[in-house]
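# what's the 3D shape of this:
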Amino acid sequence: MSLPTLTLRPRIHDGGLEKELLAIFGEGAVSGRVEERIAYSRDLWPRGHLWMRQGRVPYPADWVVWPTAEQQLVRLVEMANRLRVPLVPYGAGSGVCGGTVPVHGGVMVDLKRMSSILSLEERSMLVRAQGGILGQVLETHLNARGFTMGHFPSSIYCSSLGGYLATRSAGQLSTRYGKIEDMVIGLKAVLASGEVYETRAAPRHATGPDLLQLLVGSEGTLGIITEGTMRLHRVPESRRFRGVMFNDIEGGMEAIRLILQKELRPAAVRLYDELDTFIVGGKSKQKEKKGFAAFLSKVQKSVEYRMLAWPELVGFFEKMLGGSCLLVLAFEGPGELTRLEESLALELCAGLGGRDLGPEPGKHWWEHRYDVSYRQSPLLEEGYFVDTFEVASTWDHLPTLYRNVRQALAGKVVVMAHFSHAYVEGCSIYFTFAGKGGDETATEALYEEVWRLAMETALASGATLSHHHGVGMSKAAFMGRQLGSGLDMLKKIKKALDPNDILNPGKLGFSE
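Here you go, the predicted structure:
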């Protein structure tokens, strides 16, 4: 499909601002070009794709700057307070919730030029790096020294350390290594006052509330994160994979619960529901298909794309799949330990009726674990929307949460889910949904309705609004229901730290 011509409003914050920015950052580090203003007007929030298809840029940036030093940021926030200009910290733009959309215009602060690895302390197994470094660049450097951070989000090639910290990111091996808030032991940030605040790096403390964790997840609203000090692990000696098939989603959920509560520590667990199993499981054996099986594979590919037009038929189609649900397990660490953990986990799965499929499904997932992010373009070009939402709950609520959300969205969009990021207490569910209206206006209305239904149903079923994607714009309206009176507490903290509301205004439910 062809895109309409984009229209861009004039700058809101213009008169003398360019001169002030050039005085701080210099030539080549300030831009007000139309191309940059459009590019920085959105992240990867799917609603931004809808706007672009409609030729709309509802929230354009006014200026973009590329700092190289903290003192430039200090001068920038001092200027922003004086002129009342919004500042939006920007990592690599891979967020999917509108967290960097400049809803009040202002200056986009792209931190990618602050991307140095400052130190690697092997004895304490810590790395200190600037927030603008890309995840894969950091991981490659660490691997060369025999270490890993253990953080592997699907956006690792196009996301930054500062972005991870700002949104409470999770990687695909979080069941073993934890989320980003479990990995960070210290950070540095430029506050709205112009103060450079650095937390003391220590394994634990008992000196009042944890101010480090106040900044982690603040999505650029309380400070501009410039550095992080992160825990490391040795590159694993052994990595083992397994696939297990269950007759229903409940059996797979129970297997994950028992594995975690028996104190086994897989690096990854991924349980796919029937529809997701059809897509993922079919691809894992694609190389072996010949003759009629190859024909069925082609049918499968066609169904994957075309079924999106008929969500009301998907329920019938899923029943034809026979209820099979694939569980992928990955174990890594010392060789003897991974063999033992794998053996014990398979024994638990077998006791619940799980059928061992061998290592191939797990290996296939590992080799293609980043592919899904690159498969959405054909659907977007055909006028569909594709989005995800990841919620988390305790084991007692999890089956009901899954069923309720599926039922709420049935007939409106095609929806599938997988369970990952598992804990002793519960698990995250990662829902994927896709749909299309009669025209672009109807498509956007459907998208908004689906999001409202999904969030309301998840909250009513005992879930969080988000497990690792953050809040941004997409979930801001529901923060009051998530936090209750805690949202008022956060607003008071925001007012105290940023009285002029210059840091990423309009996010986290702080304002309409």
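# switch to C-alpha atoms for all contacts and neighbour counts from now on
Fine.
# Provide a list of residue ranges in the stretch 401-512 of the chain with pLDDT below threshold.
Applying pLDDT under 70 to the stretch 401-512 of the chain picks out residues 512.
# Ignore what I typed, I meant the chain.
Scanning the chain for pLDDT under 70 picks out 1-4, 281-310, 312-322, 512.
# what about the strands in the stretch 301-450 of the chain?
325-333, 355-358, 385-394, 414-422, 426-435 (DSSP state E, counting those that start in this stretch).
# Quick one: closest of these to Asp110.
Asp110 lies closest to strand 385-394 among the strands of the stretch 301-450 of the chain, at 25.2 Å (C-alpha to C-alpha).
# Dump the closest one to PDB, keeping only the CA atoms.
Output in PDB follows, covering the C-alpha atoms of strand 385-394 (Å, rounded to 0.1, in the frame of the first residue of the first chain):
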ATOM      1  CA  PHE A 385      -2.500  -3.600  12.800                       C
ATOM      2  CA  VAL A 386      -0.400  -6.000  14.800                       C
ATOM      3  CA  ASP A 387       0.300  -5.500  18.400                       C
ATOM      4  CA  THR A 388       1.300  -7.200  21.700                       C
ATOM      5  CA  PHE A 389       0.500  -6.700  25.300                       C
ATOM      6  CA  GLU A 390       2.300  -8.500  28.100                       C
ATOM      7  CA  VAL A 391       0.700  -8.900  31.500                       C
ATOM      8  CA  ALA A 392       1.700 -10.900  34.600                       C
ATOM      9  CA  SER A 393      -0.200 -12.600  37.400                       C
ATOM     10  CA  THR A 394       0.200 -15.100  40.100                       C
END
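# Touching stretch 475-482 from outside, list them.
Here stretch 475-482 makes contact (C-alpha atoms under 8 Å, 6 or more residues apart in numbering) with Cys97, Met455, Leu459, Thr464, Leu465, Leu487, Lys507, Leu508, Gly509, Glu512.
# so the residue nearest to the third one when sequence neighbours are not counted, which of the three states?
To tie it back to what came earlier, the one meant is Leu459. Excluding its sequence neighbours, the residue lying closest to Leu459 (C-alpha to C-alpha, 6 or more residues apart in numbering) is Leu465, at 6.9 Å. Here Leu465 is coil, with the state taken from DSSP: H, G, I helix; E, B strand; the rest coil.
# dump the residue contacts of Leu465.
Shown in contact with Leu465 (C-alpha under 8 Å, 6+ apart): Glu390, Val391, Ala392, Met455, Ala458, Leu459, Val471, Lys475, Phe478, Met479, Gln482.
# part of a helix, is the last one?
Meaning Gln482. Yes. Read with three-state DSSP, Gln482 is one of the residues of a helix.
# Of the contacts of stretch 475-482, keep whichever come out buried.
Buried members of the contacts of stretch 475-482, scored by 16 or more other C-alpha atoms under 10 Å, are Cys97, Met455, Leu459, Thr464, Leu465, Leu487, Lys507, Leu508, Gly509.
# What about the residues you listed, which are in helices?
Met455, Leu459, Leu487 (DSSP state H).
# May I see the buried residues of stretch 378-387?
If you call a residue buried by 16+ other C-alpha under 10 Å, then stretch 378-387 has these buried ones: Leu379, Leu380, Gly383, Tyr384, Phe385, Val386, Asp387.
# Outside of it itself, list whatever touches it.
Residues from elsewhere that reach stretch 378-387 (C-alpha under 8 Å, 6+ apart): 1, 46, 49-50, 305, 376, 432-437, 440, 443, 447.
# what two of these are the furthest from one another?
Greatest spacing in the contacts of stretch 378-387, by C-alpha to C-alpha: Met1 and Thr432 (23.0 Å).
# neighbour-wise, which of those two wins?
Neighbour count, other C-alpha atoms under 10 Å: between Met1 and Thr432, Thr432 has more, with 17 against 9.
# May I have the residues that are in contact with that one?
Counting by C-alpha under 8 Å, 6+ apart, Thr432 has contacts Val386, Asp387, Thr388, Phe389, Val415, Met416, Ala417.
# do that again at 6 Å, thanks
Asp387, Thr388, Val415, Met416, Ala417 (C-alpha atoms under 6 Å, 6 or more residues apart in numbering).
# ok, and the most crowded of those?
Val415 (25 neighbours).
# and stretch 256-268, how far apart are its ends?
10 Å (C-alpha to C-alpha, to the nearest Å).
# mind checking how far that stretch is from the chain centre?
Relative to its chain's centre, stretch 256-268 lies at 23 Å (C-alpha atoms, centre = their mean, to the nearest Å).
# Can you point out the buried residues in that stretch?
Within stretch 256-268, the residues that qualify as buried are Ile256, Arg257, Ile259, Leu260, Leu264, Arg265, Pro266, Ala267, Ala268, counting by 16+ other C-alpha under 10 Å.
# Nearest residue to Val391 in space, please, no chain neighbours.
Ser466 (4.8 Å).
# The one you found touches Ser393, doesn't it?
No. If you go by C-alpha atoms under 6 Å, Ser466 and Ser393 don't touch, sitting 10.1 Å apart.
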